[in-house]
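Asker: could you work out the structure for the sequence below:
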Amino acid sequence: MRIQSINPIMLDFPEQFESERLLIRAPLWEDGTALNEAVHESIEELRPWMPWAQSLPSIEESESGIRQSRLEFLERKDLRLLLIDKNTGRIVGSSGLHRLDWEARRFEIGYWVRTSCAKQGYVTEAVHAITDFAIRELQANRLEIRCDERNVRSAQVATRCGFTLEGVLRKDNADCQGGLRNTMVFSKVRGVEF
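Answerer: The predicted model follows:
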């Protein structure tokens, strides 16, 4: 298969799509307050795994982050996606496609869920929908999920969603406590899993 050079800014694809319970969409101006509420509720569960969750953000910091994510989405540099409960309109969590390699069509799915929505299958549902979106709309050749090997719940999502554990990168990244972590790498590859 020959790889074609592409200017990602020229790609048109939907900014939102749905799963059974979720509206999954790109960030919009003014999402900062609702996101801030979800982060504040969930900070203790996020802190061990998310470098950005080491301190509580202000509403202004959350809005600034949302606006930066919006710009990166439009520039096709990072595709952050908010997970919104279709019935309540409340932010359930955040996900997206990161570490984008447009030429190889390789994307990494990241995710977190707010504490009050944990263990209800929202992240699994979102990962299935985002995987389908990446395959259909972005012509993904490879999708990855990476997580600290101690993050058992994140690894379980990858397994439930049919991703294959390719291996563990030993002491490859700094963890949030200032040490080194081992990173589990899960993938789905065109022609194998889809």
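
Asker: so Arg47 touches Ala53, yeah?
Answerer: Yes: at 5.1 Å, Arg47 counts as touching Ala53 under the criterion of Cβ atoms under 8 Å. Where you see a C-beta, it was placed from the backbone N, CA and C, and this is true even at glycine.

Asker: common neighbours of the two, please.
Answerer: Contact with both Arg47 and Ala53 is made by residues Cys176, according to Cβ atoms under 8 Å, 6 or more residues apart in numbering.

Asker: Pro51 versus Glu173, what's the distance?
Answerer: Residue 173: Asn, not Glu. Counting by Cβ to Cβ, to the nearest Å, the gap from Asn173 to Pro51 is 10 Å.

Asker: next: Gly179.
Answerer: Gly179 is 13 Å from Pro51, by Cβ to Cβ.

Asker: secondary structure element for the nearest residue to Lys188 once chain neighbours are set aside?
Answerer: Nearest non-adjacent residue to Lys188, counting by Cβ to Cβ, 6 or more residues apart in numbering: Leu143, 4.7 Å away. Using DSSP states H and E, Leu143 falls within strand 142-148.

Asker: pLDDT on the next helix-or-strand element following that strand, on average?
Answerer: For strand 142-148, the following helix or strand on the C-terminal side (DSSP H and E) is helix 152-160. Mean pLDDT, computed over helix 152-160, is 97.

Asker: now helix 152-160: buried residues?
Answerer: By neighbour count on 16 or more other Cβ atoms under 10 Å, the buried set for helix 152-160 is Ser154, Ala155, Val157, Ala158.

Asker: stretch 36-43 now?
Answerer: For stretch 36-43, by 16+ other Cβ under 10 Å, it's Asn36, Ala38, Val39, Ser42, Ile43.

Asker: between Gly179 and Pro51, who's got more neighbours?
Answerer: Pro51 (11 against 8; other Cβ atoms under 10 Å).

Asker: the more buried one is in contact with Gln177, isn't it?
Answerer: No: counting by Cβ under 8 Å, Pro51 does not reach Gln177; the two are 10.7 Å apart.
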